[in-house]
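>>> Next come a sequence and a model predicted from it.
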Amino acid sequence: MLRMSSLFLRTLRDDPADAEVASHKLLVRAGYIRRIAAGIYSWLPLGYITYRNIERVIREEMDAAGFQEVHFPAMLPKEPYEESNRWSEYGPELFRLQDRKGADYLLGPTHEEMFTLMVKGEYSSYKDLPLSIYQIQTKYRDEPRPRSGIIRGREFVMKDSYSFDIDDAGLELSYQKHRDAYVKTFKRLGLNYNIVSAMAGAMGGSKSEEFLAPCPTGEDTYVLCEKCGYAANVEAMKTVIDTPTTKEFPALEVLDTPNTPTIDSLVEVLNSQYGGGYTGADTLKNVMLMADDKAIAVLVPGDREVDLKRLQANLSGVTELRIFEEEDFAKNPQLVKGYIGPQDAKKFGIILYADPRIAPGTAWVTGANKKNSHARNVVNGRDFTPDAYVESAEVRAGDACPSCKAPVIIDRAIEIAHIFQLGRKYAEALNLTVLDQNGKSQVVTMGSYGIGVSRAVAAIAEQTHDEIGLSWPVEVAPVKVHIVATGKEDKPFDVAEKIGTELESLDITVLLDDRRDPSAGVKFKDAELIGAPIIIVVGKALEQGNVEIRIRKSGEKSESTVESAVSTVATMLSKLV
RNA sequence: CGGGGCGUAGCGUAGUGGCUAGCGCGCCUGCUUUGGGAGCAGGAGAUCGGGAGUUCGAAUCUCCCCGCCCCGACCA
């Protein structure tokens, strides 16, 4: 039984000055975590118990699914990461260090290489597969900008699993088993989440899905169709295109449009001088970008911005993408800023990408590649031809759901897990093969599956807190019951002690506020801030032989006799999430 | 890396060149109080982020450095 009189804890009355988001403020105020450096935190007793509860739930579900736990060092030699090319690919985000002999080491940002090599060292037959192994490990990433307390740290704990299969069908099965285990895990953790389609990104591989916990302070944006349940990270959202009309358009016509370098100014001139009825959606924006030092053009409807994140996720093989700057225009004098059109892309030698909204057979108003001039009836397929179509325009609430065409909503969320069908990228790089039943060597196919363990503490805090403090789901709460004894007589303290002991004998964890000095108000505030699911107050009601039982989340209060308090609380807990 | 903000006691803060750096919370001692962050009295606690400079005099002005937060870029 934890006791407030001796617990290593100091709650704070004021929000810390360096915290912005609720989980960060409250975890610091309630004495769960303390900052050590940017993105690096220490756990105090209440925080560490909470963290371990989450870890325990995850471990139980992994084990129940038949996955086996292993453990790698956090500090690793350079060589495996050179073989997979990530020693250089990972860039400045990798924490590097040297030993006394000058040999290079790194602090593991993720462990695909090590798992692959471990399996390679032990197994060599298809009979050994499938295999799924996992670890719960501290990861290190020198993030350009750590933020939001424990949500994005430079040191954090991740549960990472890897599956090994002989073929794609096996991978599909292993992937599904992990997905199911994650669903069970997050249900127990009391998190609301959506499973959304995602881009595999830098990890490589094909299919990937994210578990996103909706939360206004989250870093990820995703779309959700409330009608059919389709959900996707905006990067992975597929654009629905109306069936193209086969309509014939008049010939391309160049218009005199002085001083119209922006879409708004162009639409104004079109409507006042060229017939009217135009909106930004009728115009075609030709956005110039530098992709790894190569100039590219991206076509999007004039009323939409290019979503760089989305574009990059969908442009394979591009590591650096940025908007054209003045000096880039200076190097490309044929491009007339504000009046660029796709008609001369071939002539200019620029690769032309188009958002799918710029469908073949559609006609647009766009730049005429001449100052103060635009062109209308510029038809895709007749007047220009994109080299490739790539999802690149910003996604908006109300856009059509790709599976049922209903308008989607857009929401923010914290990424709590990400699962990947990696395929053979790492197995090939590190030469992980087994013999199949014909005695032939086969490259193993892999999946990787991560849960942000320390991040989950913050995600749960974000979703469950209220104005007065934390309010934990039963499975993760540092204690299930917080008993507050009030008054100056010994009796409430004795009764509280007795109830606490009985609860603990039923494996219900207890934090007893046995402090004699602080007033009742102080103890109530602390209990609410700390966030145990049930608060028992032993005080005034004792005159009638009762104690007060409060449910933290609902604020519901009831009284119970001292004798029945323990069973009443046990029943309540079994009904709470 | 670009833009913005900040750094004074454990926490939150006041203090734009001049006396011993002020206040609230927390902490210690005593008394009083005890159902919503009590009261009184006394007390401890500060290299004012660091260094250099300007000045009779610097928390305060200048320069350099360090750290932290936010927005963006970036990010299994």
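That came in fine, so what should we check first? This one's a predicted model, so the numbers in the text were calculated from it and none came from an experiment.

>>> Every contact and neighbour count from this point should use C-alpha atoms.
Will do.

>>> what's the closest non-adjacent residue to A:Val119?
In this structure, A:Val119 finds its nearest non-sequential neighbour in A:Leu432, 7.7 Å apart by C-alpha to C-alpha, 6 or more residues apart in numbering.

>>> what sits against the one you found?
A:Leu432 makes contact with A:116-117, A:119-120, A:443-444, according to C-alpha atoms under 8 Å, 6 or more residues apart in numbering.

>>> Give me the neighbour count for A:Asp490.
Other residues near A:Asp490 number 11, with proximity taken as other C-alpha atoms under 10 Å.

>>> next one: A:Ala429
Summarising burial for A:Ala429: neighbours were counted as other C-alpha under 10 Å, giving 15.

>>> Quick check: it touching A:Arg86?
No: with the criterion set as C-alpha atoms under 8 Å, A:Ala429 and A:Arg86 do not qualify as a contacting pair; they are 10.9 Å apart.

>>> need the strands for the stretch 151-300 of chain A, in chain order.
Counting by DSSP state E, counting those that start in this stretch, the stretch 151-300 of chain A forms strands over residues A:155-165, A:194-197, A:208-214, A:220-224, A:231-233, A:253-256, A:284-291, A:294-301, given from the N-terminal end onward.

>>> Of all those strands, which one is nearest RNA strand B?
Proximity of the strands of the stretch 151-300 of chain A to RNA strand B was assessed by C-alpha to the nearest atom of the strand; the nearest stretch is strand A:155-165, lying at 4.4 Å.

>>> contact partners of the closest one?
Taking C-alpha under 8 Å, 6+ apart as the criterion, the residues outside strand A:155-165 that touch it are A:39-41, A:111-112, A:115, A:129-141, A:150, A:171, A:174-175, A:444-455.

>>> Let's see that with 6 Å instead.
Residues external to strand A:155-165 that are found in contact with it (C-alpha atoms under 6 Å, 6 or more residues apart in numbering): A:40, A:129-140, A:171, A:444-454.

>>> Narrow those to those in helices?
Taking DSSP state H as the definition of helices, the contacts of strand A:155-165 contribute A:171, A:453-454.

>>> Can you tell me the element the spatially most central residue of chain A falls in?
Within chain A, one residue has its C-alpha closest to the average C-alpha position: by C-alpha atoms, centre = their mean, that is A:Glu415, at 1.7 Å. Assessed by DSSP states H and E, A:Glu415 sits inside strand A:409-423.

>>> okay, the very next helix or strand once past that strand in CSV with CA atoms only?
The first helix or strand that comes after strand A:409-423 along the chain, using DSSP H and E, is helix A:425-429. Provided in CSV are the C-alpha atoms of helix A:425-429 (Å, rounded to 0.1, in the frame of the first residue of the first chain):
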residue,chain,number,x,y,z
LYS,A,425,14.0,-5.4,-47.8
TYR,A,426,15.9,-6.3,-44.6
ALA,A,427,16.1,-10.0,-45.3
GLU,A,428,17.7,-9.3,-48.6
ALA,A,429,20.1,-6.7,-47.4
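
>>> circling back to that earlier point, the strands of the stretch 151-300 of chain A: which one's closest to A:Arg357?
The closest of the strands of the stretch 151-300 of chain A to A:Arg357 is strand A:294-301. By C-alpha to C-alpha, the value is 7.2 Å.

>>> Kindly report the domain assignment for chain A.
Segmentation of chain A into domains, based on automatic domain parsing, reads A:18-237+A:410-462, A:253-389, A:481-575.

>>> what about these, which gets the closest to A:Asp399?
Of all those, it is domain A:18-237+A:410-462 that lies closest to A:Asp399, at 9.2 Å by C-alpha to C-alpha.

>>> can you give me how far that closest one is from the chain middle?
How far domain A:18-237+A:410-462 lies from its chain's middle: 11 Å, per C-alpha atoms, centre = their mean, to the nearest Å.

>>> Show the end-to-end separation of it, please.
End-to-end distance for domain A:18-237+A:410-462: 17 Å, by C-alpha to C-alpha, to the nearest Å.

>>> what does stretch A:77-91 give?
Taking C-alpha to C-alpha, the first and last residues of stretch A:77-91 lie 16 Å apart.

>>> Please point out which parts of it sit buried.
Along stretch A:77-91, these residues count as buried under the neighbour rule (16 or more other C-alpha atoms under 10 Å): A:77-78, A:80-81, A:84, A:87.
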